[in-house]
Structure formats: C-alpha cells, structure tokens
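J.: no sequence for this one, just the structure:
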C-alpha cells in the first residue's frame, strides 16, 4: 500500500481511505508508484521551473507540482537556490500527460 498527501483539490480514489488525523490518504492497493524527476539544466538552482501538471482525465487526476524550498543556508540567510525536483504518486497502468506552465 501507500500513503499520499491529502492536497487541496485532489480526489480520493475509490480504493483509498481519507485519514483526516494524518492529513493523508491511505491506499491499500499496490497499484501505485512514485514518479520522480528533476531538471538537469546548468541553471537548475537559479531558474524556477514550476508548476508542473500531471493529469489523467479518465481517473479525474490532476496534480499540480511545485518545487521545494531553498536547500542551502549562508549563516542566517537562505541561498535563494532551489532544485527543480518533483514527485507524484500515480496509479499504475495508465498514461499521464505532464505539462509545464
């Protein structure tokens, strides 16, 4: 099984259960996998490459992905650098459209 975020606007598949105390959805099925990708461009830490949309109309799945926060600190200030790295949990056996804005 898997646990995924209960992100605003996300649907709860019929084979999953909302867990309000966790702010998450628990899926007992093993038909889910993680999609992970990131930018390998030379400016990958300076240029913001988001949001990314992962969609499947048949499943009514629409996931808006954003990058995380700064990953370096210079004493008390952030470095203002972030990696364009994205993660999404997908139901296997389906095709998904991935679009950048």
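T.: Perfect, I can see it now. In this text the structure is predicted, and so the values were computed from the model without any measurement. Numbering: from 1, shown residues only.
J.: phi, psi of residue 30?
T.: Here is the backbone geometry of residue 30 (degrees, to the nearest 10): phi -100, psi 10.
J.: Run a quick neighbour tally on it.
T.: Neighbour count for residue 30, taken as other C-beta atoms under 10 Å: 9. From N, CA and C alone the C-beta is placed, and that goes for glycine too.
J.: The one 5 residues further on too?
T.: In terms of burial, residue 35 registers 14 neighbours under the definition other C-beta under 10 Å.
J.: Identify each buried residue in stretch 61-73, please.
T.: Buried residues in stretch 61-73, counted by 16 or more other C-beta atoms under 10 Å: 61, 63-65, 67.
J.: Now do the contacts for residue 68.
T.: 82-83, 85 (C-beta atoms under 8 Å, 6 or more residues apart in numbering).
J.: Am I right that it is in a helix?
T.: No: secondary structure of residue 68 (DSSP: H, G, I helix; E, B strand; the rest coil): coil, not part of a helix.
J.: For it, give me the pLDDT.
T.: Note on residue 68: pLDDT of 73.
J.: Make residue 1 into 8 and carry on from there
T.: Renumbered: residue one is now 8, and that last one reads residue 75.
J.: and it, how far is that from residue 26?
T.: Going from residue 75 to residue 26 by C-beta to C-beta, to the nearest Å gives 23 Å.
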